[in-house]
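>>> Predicted model and sequence follow; I will ask about them next.
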Amino acid sequence: MILGILGSGSGSNMQAILDAIAAGSLNARIALVLSDNPDAFILERARHHGITTGLIDCRGFKTRFPAEAQQETAARLQAAGVNLVCLAGFLRLVKHPLLDVFPNQIINIHPSLLPAFPGLESWQQALAAGVAETGCTVHVVDVGMDTGPIILQQSVPILPGDSPASLHARIQEAEHRLYPAAISKLAAARSEIEPG
């Protein structure tokens, strides 16, 4: 699997993927890391590992992912030979035309047990709702917000006295195990479809 990563922040999930590749538990290679944030630490992490990086020009929009920027992103991912795009803390909604170029080939990790608590700061939503557990989900990206088919999930109990920070930290630990496992699952499914 040749991976392309889109991220806006620290890149801890990308690091978990790199660690799984180094440990031999994930047969993949990260070919390209792109960010909409020039100061994102994910770019520094990628450069440290010798991975090609680049910036996504969102034309000054704070939250939108303009069609031209998506076309440019798709072209760069294609040029790098990417066959699976992984969103790792990427804070913009991916829509067309990127979904057209990579149909069912873009995945995301979300910090809740979807379909519960889509959107931002899901751990805070879970605490406010008073549920006994939350978790994380790796899913295929479609045109909705956190609505695509689920690949893998892992539950995380909400403990008495949990703060948003303590719960989020435990969800992130689960994410770092789940994301590489989900990519592995997809790779295994593809190798059955495309032998050799």
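Now that the structure is in, tell me what you want to look at.
>>> what's around Gly130, how many residues?
7 (other Cβ atoms under 10 Å). Yep, even glycine has a C-beta here, placed from its N, CA and C like the rest.
>>> Could I get the full set of helices for this structure?
12-23, 41-48, 67-79, 98-101, 122-129, 164-193 (DSSP state H).
>>> who's in contact with the closest residue to Thr63 other than its chain neighbours?
Nearest non-adjacent residue to Thr63, counting by Cβ to Cβ, 6 or more residues apart in numbering: Arg92, 6.5 Å away. By Cβ atoms under 8 Å, 6 or more residues apart in numbering, the residues touching Arg92 are 8, 36, 58, 63-65.
>>> now do Ile106
84-87, 94, 98-99, 140-141.
>>> try Leu127
Neighbour list for Leu127: 158, 162, 164, 167 [criterion: Cβ under 8 Å, 6+ apart].
>>> mind checking how far the third one is from Leu34?
When you say that, I think you mean Pro164. The gap separating Pro164 from Leu34 is 29 Å, by Cβ to Cβ, to the nearest Å.
>>> separation between the residue nearest to Met1 when sequence neighbours are not counted and Arg190?
What sits nearest to Met1 in space, not counting adjacent residues and going by Cβ to Cβ, 6+ apart, is Ala28, at 4.0 Å. To Arg190, Ala28 is 11 Å away according to Cβ to Cβ.
>>> ok, the two, which is more surrounded?
With neighbours defined as other Cβ under 10 Å, Ala28 and Arg190 compare such that Ala28 has more, 20 against 13.
>>> Isn't the more buried one up against Ile17?
Yes: taking contacts as Cβ atoms under 8 Å, Ala28 lies within contact range of Ile17: 7.3 Å.
>>> what do these two both touch?
3, 183.
>>> how about the residue nearest to Met1, what does it touch?
1-3, 17, 21, 84, 183, 187.
>>> Asn13 too?
With Cβ under 8 Å, 6+ apart, Asn13 has these contacts: 7, 86, 88-89, 109, 175-176, 179.
>>> got these as a markdown table, with pLDDT and distance to Glu72 columns?
Below are those laid out as a markdown table (pLDDT from 0 to 100; distance: Cβ to Cβ, whole Å):
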| residue | pLDDT | distance to Glu72 |
| --- | --- | --- |
| Gly7 | 97 | 17 |
| Cys86 | 98 | 18 |
| Ala88 | 95 | 19 |
| Gly89 | 92 | 20 |
| Ile109 | 97 | 24 |
| Glu175 | 98 | 28 |
| His176 | 98 | 30 |
| Tyr179 | 98 | 25 |
